[in-house]
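Engineer: I'll drop the sequence and a predicted model, then ask my questions.
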Amino acid sequence: MKKALITGVTGQDGSYLAELLLAKGYEVHGIKRRSSLFNTDRIDHIYQDPHAPNPHFFLHYGDLSDTSNLTRILHEVQPDEVYNLGAMSHVAVSFESPEYTADVDGIGTLRLLEAIRFLKMEKTTRFYQASTSELYGLVQETPQREGTPFYPRSPYAVAKLYAYWITVNYREAYGMYACNGILFNHESPRRGETFVTRKITRALANIALGLEPKLFLGNMDALRDWGHARDYVEMQWLMLQQDQPEDFVIATGRQYSVRHFVEVAARELGIDIAWHGHGSGETGTIAAIRGERARGARVGQTIVAIDPQYFRPTEVETLLGDPSRARDKLGWVPRITFEEMVQEMVAHDLDKARRHALLKSHGYNVAISLE
Ligand code: NDP
Ligand code: GDR
(Lines give C-alpha, C1' and ligand atoms only; values in the text may rest on other atoms or scores of the structure.)
(Ligands and ions follow the chains in the order given, each with its own letter.)
Protein backbone atom coordinates (compact mmCIF):
# COMPACT_ATOMS: atom_id res chain seq x y z
CA MET A 1 0.00 0.00 0.00
CA LYS A 2 1.38 3.40 -1.00
CA LYS A 3 1.55 6.19 1.55
CA ALA A 4 0.92 9.84 0.72
CA LEU A 5 1.41 12.95 2.83
CA ILE A 6 -0.66 16.02 1.93
CA THR A 7 0.04 19.50 3.28
CA GLY A 8 -3.06 21.69 3.00
CA VAL A 9 -5.34 18.67 3.35
CA THR A 10 -8.11 20.86 4.84
CA GLY A 11 -8.18 23.09 1.74
CA GLN A 12 -10.14 22.76 -1.49
CA ASP A 13 -7.57 20.70 -3.40
CA GLY A 14 -6.38 18.77 -0.36
CA SER A 15 -9.88 17.46 0.26
CA TYR A 16 -10.40 16.29 -3.34
CA LEU A 17 -6.91 14.80 -3.51
CA ALA A 18 -7.38 12.90 -0.23
CA GLU A 19 -10.64 11.45 -1.60
CA LEU A 20 -8.91 10.43 -4.82
CA LEU A 21 -5.94 8.78 -3.10
CA LEU A 22 -8.15 6.92 -0.61
CA ALA A 23 -10.21 5.61 -3.54
CA LYS A 24 -6.96 4.40 -5.13
CA GLY A 25 -6.11 2.43 -1.99
CA TYR A 26 -3.46 4.77 -0.51
CA GLU A 27 -2.82 5.29 3.16
CA VAL A 28 -3.30 9.06 3.34
CA HIS A 29 -1.74 11.37 5.92
CA GLY A 30 -2.68 15.02 6.06
CA ILE A 31 -1.21 17.98 7.92
CA LYS A 32 -3.76 20.27 9.51
CA ARG A 33 -3.18 23.48 11.41
CA ARG A 34 -4.35 24.10 14.90
CA SER A 35 -7.16 26.65 14.91
CA SER A 36 -9.54 27.87 17.58
CA LEU A 37 -12.52 26.63 15.54
CA PHE A 38 -12.86 23.33 13.68
CA ASN A 39 -11.23 23.65 10.25
CA THR A 40 -11.93 20.19 8.84
CA ASP A 41 -15.33 20.85 7.17
CA ARG A 42 -14.05 19.79 3.76
CA ILE A 43 -12.71 16.43 4.95
CA ASP A 44 -15.17 15.48 7.71
CA HIS A 45 -16.96 13.11 5.31
CA ILE A 46 -13.78 11.04 4.85
CA TYR A 47 -12.61 11.19 8.46
CA GLN A 48 -11.77 7.78 9.89
CA ASP A 49 -11.75 7.10 13.61
CA PRO A 50 -8.16 6.07 14.42
CA HIS A 51 -9.59 3.57 16.93
CA ALA A 52 -11.57 1.79 14.22
CA PRO A 53 -10.01 -1.31 12.66
CA ASN A 54 -7.59 -0.68 9.79
CA PRO A 55 -7.86 3.10 9.29
CA HIS A 56 -6.36 4.60 6.10
CA PHE A 57 -6.70 8.32 6.75
CA PHE A 58 -4.63 10.11 9.40
CA LEU A 59 -4.34 13.75 10.41
CA HIS A 60 -1.28 15.33 12.03
CA TYR A 61 -1.03 18.79 13.54
CA GLY A 62 1.58 20.83 11.77
CA ASP A 63 2.57 23.99 9.98
CA LEU A 64 4.75 24.84 7.01
CA SER A 65 6.55 27.40 9.16
CA ASP A 66 7.77 24.71 11.57
CA THR A 67 10.83 22.76 10.39
CA SER A 68 11.07 20.31 13.28
CA ASN A 69 7.40 19.49 13.05
CA LEU A 70 7.62 18.77 9.31
CA THR A 71 10.76 16.68 9.77
CA ARG A 72 9.17 14.63 12.54
CA ILE A 73 6.00 13.95 10.55
CA LEU A 74 7.99 12.94 7.46
CA HIS A 75 10.15 10.65 9.58
CA GLU A 76 7.12 9.02 11.20
CA VAL A 77 5.06 8.60 8.05
CA GLN A 78 7.83 7.72 5.54
CA PRO A 79 5.56 8.67 2.63
CA ASP A 80 6.10 7.48 -0.95
CA GLU A 81 4.55 10.72 -2.20
CA VAL A 82 4.38 14.22 -0.73
CA TYR A 83 1.87 16.71 -2.11
CA ASN A 84 2.71 20.24 -0.99
CA LEU A 85 -0.65 21.99 -1.32
CA GLY A 86 -0.47 24.03 1.88
CA ALA A 87 -0.17 27.78 1.34
CA MET A 88 -1.46 31.21 2.18
CA SER A 89 -3.25 31.03 -1.15
CA HIS A 90 -5.09 34.36 -1.41
CA VAL A 91 -3.39 36.78 -3.79
CA ALA A 92 -5.04 39.94 -2.39
CA VAL A 93 -4.26 38.95 1.21
CA SER A 94 -0.60 38.41 0.29
CA PHE A 95 -0.25 42.18 -0.18
CA GLU A 96 -1.37 42.56 3.47
CA SER A 97 0.85 39.75 4.83
CA PRO A 98 3.79 39.55 2.43
CA GLU A 99 6.36 38.27 4.92
CA TYR A 100 4.11 35.51 6.25
CA THR A 101 3.28 34.51 2.67
CA ALA A 102 6.97 34.33 1.75
CA ASP A 103 7.68 32.21 4.83
CA VAL A 104 4.88 29.69 4.31
CA ASP A 105 4.60 29.54 0.50
CA GLY A 106 8.29 30.01 -0.33
CA ILE A 107 10.45 28.85 2.58
CA GLY A 108 7.80 26.31 3.61
CA THR A 109 8.52 24.45 0.37
CA LEU A 110 12.25 24.54 1.07
CA ARG A 111 11.64 23.21 4.60
CA LEU A 112 9.83 20.16 3.22
CA LEU A 113 12.41 19.47 0.51
CA GLU A 114 15.28 19.88 2.92
CA ALA A 115 13.60 17.61 5.48
CA ILE A 116 13.26 14.92 2.81
CA ARG A 117 16.97 15.31 2.01
CA PHE A 118 18.00 15.39 5.68
CA LEU A 119 16.08 12.16 6.29
CA LYS A 120 17.79 10.58 3.26
CA MET A 121 14.44 10.00 1.60
CA GLU A 122 15.31 11.88 -1.59
CA LYS A 123 15.52 8.70 -3.67
CA THR A 124 12.35 7.13 -2.29
CA THR A 125 9.90 9.99 -1.77
CA ARG A 126 8.29 11.78 -4.71
CA PHE A 127 7.38 15.43 -4.32
CA TYR A 128 4.61 17.51 -5.92
CA GLN A 129 4.68 21.31 -5.67
CA ALA A 130 1.47 23.30 -6.14
CA SER A 131 2.76 25.93 -8.53
CA THR A 132 0.49 28.46 -10.13
CA SER A 133 -0.44 30.42 -13.24
CA GLU A 134 0.12 33.53 -11.09
CA LEU A 135 3.82 33.00 -11.91
CA TYR A 136 3.07 34.34 -15.41
CA GLY A 137 1.55 37.53 -13.90
CA LEU A 138 2.23 40.22 -16.45
CA VAL A 139 2.01 37.79 -19.30
CA GLN A 140 4.85 37.58 -21.80
CA GLU A 141 3.12 35.19 -24.21
CA THR A 142 -0.43 33.93 -24.84
CA PRO A 143 -1.43 31.21 -24.25
CA GLN A 144 0.96 30.45 -21.41
CA ARG A 145 2.83 27.15 -21.58
CA GLU A 146 5.66 25.44 -19.69
CA GLY A 147 8.39 27.58 -21.31
CA THR A 148 6.66 30.96 -21.02
CA PRO A 149 8.76 33.41 -18.96
CA PHE A 150 7.49 34.26 -15.49
CA TYR A 151 6.67 37.79 -14.29
CA PRO A 152 5.04 37.53 -10.85
CA ARG A 153 2.80 40.41 -9.75
CA SER A 154 2.12 39.82 -6.04
CA PRO A 155 3.95 38.74 -2.89
CA TYR A 156 2.05 35.44 -3.28
CA ALA A 157 3.35 34.90 -6.80
CA VAL A 158 6.91 35.91 -5.86
CA ALA A 159 6.87 33.40 -2.98
CA LYS A 160 5.54 30.73 -5.34
CA LEU A 161 8.31 31.61 -7.79
CA TYR A 162 10.87 30.70 -5.14
CA ALA A 163 8.98 27.47 -4.43
CA TYR A 164 8.92 26.64 -8.14
CA TRP A 165 12.66 27.07 -8.61
CA ILE A 166 13.71 25.39 -5.36
CA THR A 167 11.70 22.36 -6.48
CA VAL A 168 13.51 22.35 -9.83
CA ASN A 169 16.82 22.81 -8.03
CA TYR A 170 16.30 19.85 -5.68
CA ARG A 171 15.39 17.73 -8.70
CA GLU A 172 18.56 18.72 -10.53
CA ALA A 173 20.93 18.82 -7.55
CA TYR A 174 19.89 15.67 -5.71
CA GLY A 175 18.11 13.62 -8.36
CA MET A 176 14.82 13.90 -6.48
CA TYR A 177 11.60 13.01 -8.19
CA ALA A 178 10.18 16.51 -7.66
CA CYS A 179 7.85 18.36 -9.99
CA ASN A 180 5.71 21.44 -10.38
CA GLY A 181 2.12 21.45 -11.51
CA ILE A 182 1.54 24.94 -12.90
CA LEU A 183 -2.16 25.02 -12.26
CA PHE A 184 -4.50 27.68 -13.58
CA ASN A 185 -7.49 28.73 -11.45
CA HIS A 186 -9.68 25.84 -10.43
CA GLU A 187 -12.89 26.08 -8.52
CA SER A 188 -15.65 23.96 -6.97
CA PRO A 189 -18.34 24.14 -4.31
CA ARG A 190 -15.45 23.70 -1.84
CA ARG A 191 -13.63 26.82 -3.04
CA GLY A 192 -12.84 29.31 -0.25
CA GLU A 193 -15.63 31.89 0.04
CA THR A 194 -13.40 34.91 -0.63
CA PHE A 195 -12.11 33.81 -4.05
CA VAL A 196 -14.08 35.54 -6.74
CA THR A 197 -16.05 32.59 -8.17
CA ARG A 198 -17.32 31.34 -4.85
CA LYS A 199 -17.92 34.88 -3.64
CA ILE A 200 -20.15 35.37 -6.69
CA THR A 201 -22.13 32.11 -6.47
CA ARG A 202 -22.63 32.50 -2.74
CA ALA A 203 -23.71 36.15 -2.90
CA LEU A 204 -26.04 35.65 -5.88
CA ALA A 205 -27.72 32.68 -4.19
CA ASN A 206 -28.26 34.80 -1.08
CA ILE A 207 -29.54 37.71 -3.17
CA ALA A 208 -31.94 35.37 -5.01
CA LEU A 209 -33.54 34.46 -1.69
CA GLY A 210 -33.49 38.01 -0.33
CA LEU A 211 -30.86 37.24 2.32
CA GLU A 212 -28.28 39.74 1.06
CA PRO A 213 -28.78 42.94 -0.97
CA LYS A 214 -25.75 43.34 -3.17
CA LEU A 215 -22.49 41.81 -4.40
CA PHE A 216 -19.44 44.10 -4.30
CA LEU A 217 -16.56 43.25 -6.62
CA GLY A 218 -13.26 44.70 -7.84
CA ASN A 219 -11.86 44.26 -11.35
CA MET A 220 -14.60 42.60 -13.39
CA ASP A 221 -12.52 42.79 -16.58
CA ALA A 222 -9.96 40.27 -15.27
CA LEU A 223 -9.78 37.21 -17.51
CA ARG A 224 -9.18 33.75 -16.08
CA ASP A 225 -8.89 30.18 -17.34
CA TRP A 226 -11.19 28.41 -14.84
CA GLY A 227 -11.30 24.63 -14.45
CA HIS A 228 -12.77 22.26 -11.86
CA ALA A 229 -10.67 21.21 -8.85
CA ARG A 230 -11.78 17.57 -9.11
CA ASP A 231 -10.24 17.33 -12.59
CA TYR A 232 -7.06 19.08 -11.50
CA VAL A 233 -6.20 16.89 -8.49
CA GLU A 234 -6.22 13.87 -10.77
CA MET A 235 -3.44 15.54 -12.69
CA GLN A 236 -1.48 16.15 -9.48
CA TRP A 237 -1.49 12.41 -8.85
CA LEU A 238 -0.69 11.53 -12.49
CA MET A 239 2.38 13.77 -12.42
CA LEU A 240 3.91 11.63 -9.66
CA GLN A 241 3.28 8.35 -11.54
CA GLN A 242 5.61 8.98 -14.51
CA ASP A 243 9.06 7.51 -15.19
CA GLN A 244 10.70 10.95 -15.12
CA PRO A 245 9.70 14.02 -13.10
CA GLU A 246 8.51 16.93 -15.26
CA ASP A 247 6.62 20.19 -14.85
CA PHE A 248 3.23 20.61 -16.49
CA VAL A 249 0.74 23.39 -17.20
CA ILE A 250 -2.77 22.38 -16.19
CA ALA A 251 -5.53 24.51 -17.70
CA THR A 252 -8.63 24.29 -19.87
CA GLY A 253 -7.46 26.54 -22.72
CA ARG A 254 -10.59 28.70 -22.35
CA GLN A 255 -10.85 32.13 -20.82
CA TYR A 256 -13.72 34.22 -19.44
CA SER A 257 -14.04 37.53 -17.61
CA VAL A 258 -15.21 37.91 -14.04
CA ARG A 259 -18.21 39.80 -15.45
CA HIS A 260 -19.08 36.80 -17.63
CA PHE A 261 -18.87 34.53 -14.59
CA VAL A 262 -21.40 36.79 -12.82
CA GLU A 263 -23.75 36.62 -15.84
CA VAL A 264 -23.59 32.82 -16.13
CA ALA A 265 -24.10 32.29 -12.40
CA ALA A 266 -27.03 34.75 -12.37
CA ARG A 267 -28.60 33.03 -15.38
CA GLU A 268 -28.40 29.76 -13.49
CA LEU A 269 -30.63 31.39 -10.86
CA GLY A 270 -33.03 32.66 -13.53
CA ILE A 271 -31.71 36.23 -13.34
CA ASP A 272 -30.75 38.31 -16.40
CA ILE A 273 -28.37 41.15 -15.59
CA ALA A 274 -28.17 44.54 -17.34
CA TRP A 275 -24.88 46.42 -16.92
CA HIS A 276 -24.75 50.20 -16.49
CA GLY A 277 -21.86 52.67 -16.42
CA HIS A 278 -18.21 51.73 -16.50
CA GLY A 279 -15.09 51.76 -14.32
CA SER A 280 -15.64 52.12 -10.59
CA GLY A 281 -19.22 53.35 -11.20
CA GLU A 282 -20.35 50.17 -12.96
CA THR A 283 -23.42 48.40 -11.61
CA GLY A 284 -25.49 45.40 -12.56
CA THR A 285 -29.25 45.45 -12.17
CA ILE A 286 -31.81 42.70 -12.60
CA ALA A 287 -33.29 42.98 -16.11
CA ALA A 288 -35.58 39.94 -15.85
CA ILE A 289 -36.34 37.02 -13.58
CA ARG A 290 -37.32 33.62 -14.95
CA GLY A 291 -38.75 30.85 -12.76
CA GLU A 292 -38.92 30.50 -9.00
CA ARG A 293 -35.29 30.31 -7.98
CA ALA A 294 -34.89 34.05 -7.41
CA ARG A 295 -38.08 34.58 -5.47
CA GLY A 296 -36.47 37.03 -3.04
CA ALA A 297 -35.20 39.38 -5.77
CA ARG A 298 -37.00 41.97 -7.91
CA VAL A 299 -36.58 43.38 -11.39
CA GLY A 300 -34.70 46.71 -11.33
CA GLN A 301 -32.78 45.84 -8.16
CA THR A 302 -29.09 46.75 -8.27
CA ILE A 303 -27.30 43.56 -7.30
CA VAL A 304 -23.70 44.14 -8.41
CA ALA A 305 -21.51 47.16 -7.67
CA ILE A 306 -17.81 47.97 -7.68
CA ASP A 307 -15.93 48.52 -4.43
CA PRO A 308 -12.40 49.84 -5.04
CA GLN A 309 -11.11 48.00 -1.95
CA TYR A 310 -11.11 44.83 -4.06
CA PHE A 311 -8.68 46.20 -6.65
CA ARG A 312 -5.11 44.97 -6.17
CA PRO A 313 -1.97 47.13 -6.12
CA THR A 314 -0.75 45.16 -9.12
CA GLU A 315 -3.26 43.04 -11.02
CA VAL A 316 -2.96 39.99 -13.23
CA GLU A 317 -5.31 41.02 -16.03
CA THR A 318 -5.34 37.93 -18.20
CA LEU A 319 -4.42 34.26 -17.91
CA LEU A 320 -4.95 31.58 -20.51
CA GLY A 321 -3.17 28.23 -20.33
CA ASP A 322 -2.09 25.80 -23.01
CA PRO A 323 -2.55 22.29 -21.55
CA SER A 324 -1.43 20.45 -24.70
CA ARG A 325 1.70 18.98 -23.13
CA ALA A 326 -0.35 17.41 -20.31
CA ARG A 327 -2.78 16.08 -22.91
CA ASP A 328 -0.08 14.67 -25.21
CA LYS A 329 2.24 13.20 -22.56
CA LEU A 330 -0.17 12.18 -19.82
CA GLY A 331 -3.44 11.81 -21.70
CA TRP A 332 -5.03 14.34 -19.38
CA VAL A 333 -8.06 16.34 -20.49
CA PRO A 334 -10.41 18.28 -18.23
CA ARG A 335 -13.81 16.58 -18.10
CA ILE A 336 -16.02 19.14 -16.33
CA THR A 337 -17.04 22.15 -18.46
CA PHE A 338 -17.13 25.74 -17.26
CA GLU A 339 -20.94 25.74 -17.41
CA GLU A 340 -21.24 22.49 -15.44
CA MET A 341 -18.87 23.87 -12.83
CA VAL A 342 -20.88 27.08 -12.39
CA GLN A 343 -24.08 25.03 -12.23
CA GLU A 344 -22.67 22.82 -9.47
CA MET A 345 -21.41 25.81 -7.47
CA VAL A 346 -24.70 27.70 -7.77
CA ALA A 347 -26.76 24.63 -6.83
CA HIS A 348 -24.58 24.08 -3.76
CA ASP A 349 -24.80 27.70 -2.60
CA LEU A 350 -28.52 27.91 -3.32
CA ASP A 351 -29.03 24.88 -1.12
CA LYS A 352 -27.08 26.57 1.67
CA ALA A 353 -29.04 29.80 1.19
CA ARG A 354 -32.33 27.87 1.39
CA ARG A 355 -31.29 26.39 4.72
CA HIS A 356 -30.44 29.87 6.00
CA ALA A 357 -33.76 31.21 4.76
CA LEU A 358 -35.63 28.38 6.48
CA LEU A 359 -33.90 29.05 9.79
CA LYS A 360 -34.59 32.74 9.42
CA SER A 361 -38.26 32.15 8.69
CA HIS A 362 -38.45 30.25 12.00
CA GLY A 363 -37.04 33.18 13.90
CA TYR A 364 -33.40 32.15 14.13
CA ASN A 365 -30.91 34.94 13.62
CA VAL A 366 -28.47 33.59 11.02
CA ALA A 367 -25.44 35.77 10.39
CA ILE A 368 -24.17 35.75 6.82
CA SER A 369 -20.59 36.95 6.67
CA LEU A 370 -20.03 39.20 3.69
CA GLU A 371 -16.62 39.95 2.18
P1 NDP B 1 -6.88 26.63 -0.03
O2 NDP B 1 -6.65 28.02 0.40
O3 NDP B 1 -8.28 26.11 -0.15
O4 NDP B 1 -6.11 25.62 0.96
C5 NDP B 1 -4.85 25.95 1.47
C6 NDP B 1 -4.46 24.93 2.51
O7 NDP B 1 -3.20 25.29 3.06
C8 NDP B 1 -5.44 24.83 3.69
O9 NDP B 1 -5.53 23.50 4.11
C10 NDP B 1 -4.74 25.67 4.74
O11 NDP B 1 -5.12 25.34 6.06
C12 NDP B 1 -3.30 25.27 4.46
N13 NDP B 1 -2.34 26.20 5.05
C14 NDP B 1 -2.36 27.55 5.05
N15 NDP B 1 -1.31 28.05 5.71
C16 NDP B 1 -0.61 26.99 6.17
C17 NDP B 1 0.54 26.83 6.96
N18 NDP B 1 1.19 27.90 7.45
N19 NDP B 1 0.98 25.60 7.24
C20 NDP B 1 0.32 24.51 6.78
N21 NDP B 1 -0.79 24.58 6.03
C22 NDP B 1 -1.25 25.80 5.74
O23 NDP B 1 -6.09 26.44 -1.42
P24 NDP B 1 -6.43 25.48 -2.66
O25 NDP B 1 -6.82 24.16 -2.15
O26 NDP B 1 -7.29 26.21 -3.59
O27 NDP B 1 -4.99 25.41 -3.35
C28 NDP B 1 -4.06 24.39 -3.00
C29 NDP B 1 -2.66 24.82 -3.40
O30 NDP B 1 -2.61 25.06 -4.79
C31 NDP B 1 -2.19 26.13 -2.74
O32 NDP B 1 -0.80 26.01 -2.53
C33 NDP B 1 -2.47 27.19 -3.80
O34 NDP B 1 -1.58 28.27 -3.63
C35 NDP B 1 -2.18 26.40 -5.06
N36 NDP B 1 -2.91 26.80 -6.23
C37 NDP B 1 -4.27 26.90 -6.22
C38 NDP B 1 -4.97 27.19 -7.37
C39 NDP B 1 -6.45 27.31 -7.38
O40 NDP B 1 -6.99 27.88 -8.34
N41 NDP B 1 -7.16 26.78 -6.40
C42 NDP B 1 -4.26 27.39 -8.66
C43 NDP B 1 -2.82 27.24 -8.56
C44 NDP B 1 -2.18 26.94 -7.40
P45 NDP B 1 -6.46 25.96 6.73
O46 NDP B 1 -7.61 25.14 6.19
O47 NDP B 1 -6.21 25.77 8.18
O48 NDP B 1 -6.53 27.39 6.31
P1 GDR C 1 -6.67 34.64 -8.18
O2 GDR C 1 -8.15 34.30 -7.72
O3 GDR C 1 -6.19 35.93 -7.67
O4 GDR C 1 -6.65 34.42 -9.68
O5 GDR C 1 -5.85 33.50 -7.44
P6 GDR C 1 -9.35 35.24 -7.20
O7 GDR C 1 -10.57 34.43 -7.38
O8 GDR C 1 -9.06 35.80 -5.88
O9 GDR C 1 -9.32 36.47 -8.26
C10 GDR C 1 -9.57 36.26 -9.65
C11 GDR C 1 -9.72 37.60 -10.32
O12 GDR C 1 -10.95 38.20 -9.91
C13 GDR C 1 -10.71 39.56 -9.61
N14 GDR C 1 -11.72 40.06 -8.67
C15 GDR C 1 -11.86 39.67 -7.40
N16 GDR C 1 -11.21 38.73 -6.66
C17 GDR C 1 -11.62 38.53 -5.39
N18 GDR C 1 -11.03 37.57 -4.66
N19 GDR C 1 -12.63 39.27 -4.82
C20 GDR C 1 -13.29 40.22 -5.51
O21 GDR C 1 -14.20 40.86 -5.00
C22 GDR C 1 -12.91 40.43 -6.87
N23 GDR C 1 -13.35 41.25 -7.85
C24 GDR C 1 -12.61 41.02 -8.93
C25 GDR C 1 -9.30 39.58 -9.05
O26 GDR C 1 -8.77 40.90 -9.07
C27 GDR C 1 -8.62 38.61 -10.00
O28 GDR C 1 -8.21 39.25 -11.16
C29 GDR C 1 -6.33 32.15 -7.38
C30 GDR C 1 -5.81 31.53 -6.07
O31 GDR C 1 -6.42 30.27 -5.92
C32 GDR C 1 -4.31 31.35 -6.11
O33 GDR C 1 -3.89 30.61 -4.98
C34 GDR C 1 -3.93 30.59 -7.38
O35 GDR C 1 -2.54 30.45 -7.45
C36 GDR C 1 -4.47 31.32 -8.60
O37 GDR C 1 -5.88 31.42 -8.49
C38 GDR C 1 -4.16 30.56 -9.89
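Structural biologist: Yep, that arrived. Residues are numbered from 1 along each chain as shown. Ligands and ions are numbered 1, 2, ... in the order given.

Engineer: contacting residues around stretch 47-59?
Structural biologist: Residues outside stretch 47-59 that contact it (Cβ atoms under 8 Å, 6 or more residues apart in numbering) are 9, 18, 22, 26-32, 40, 46, 77. Every C-beta, even on glycine, is put in place using the N, C-alpha and C of the backbone.

Engineer: Centre of the chain to it, how far?
Structural biologist: Stretch 47-59 has its C-alpha centroid displaced from the chain centroid by 26 Å (Cα atoms, centre = their mean, to the nearest Å).

Engineer: is ligand 1 contacted by it?
Structural biologist: No: under the criterion of Cβ under 6 Å from any ligand atom, stretch 47-59 makes no contact with ligand 1; the nearest approach is 11.1 Å.

Engineer: rewinding a little: please check the contacts of stretch 47-59 and keep the buried ones.
Structural biologist: 9, 18, 22, 26-32, 40, 46, 77 (16 or more other Cβ atoms under 10 Å).

Engineer: need the helices for the stretch 151-300 of the chain, in chain order.
Structural biologist: 155-174, 196-208, 229-239, 258-268 (DSSP state H, counting those that start in this stretch).

Engineer: Contact partners for residue 247?
Structural biologist: So residue 247 contacts 131, 146, 168, 179-182 (Cβ under 8 Å, 6+ apart).

Engineer: List buried residues within those residues.
Structural biologist: 131, 168, 179-182.

Engineer: Out of the helices of the stretch 151-300 of the chain, which is the most enclosed?
Structural biologist: helix 196-208 (a mean of 25; mean count of other Cβ atoms under 10 Å).

Engineer: Distance from that one to the middle of the chain?
Structural biologist: Computed by Cα atoms, centre = their mean, the chain-centroid distance of helix 196-208 equals 17 Å.

Engineer: any residue of that helix up close to ligand 2?
Structural biologist: Yes: shown here: helix 196-208 in contact with ligand 2 (Cβ under 6 Å from any ligand atom) through 196, 199.

Engineer: Closest to ligand 1 out of the contacts of residue 247?
Structural biologist: Taking Cβ to the nearest ligand atom as the measure, ligand 1 sits nearest to residue 131 out of those, at 6.6 Å.

Engineer: So what pairs up with that closest one in the strands?
Structural biologist: Residue 131 has these beta-bridge partners by DSSP bridges: residue 182.

Engineer: Touching, it and residue 179? I think so.
Structural biologist: No: counting by Cβ atoms under 8 Å, residue 131 does not reach residue 179; the two are 9.1 Å apart.

Engineer: Which residues are in contact with each of those two?
Structural biologist: 167, 247.
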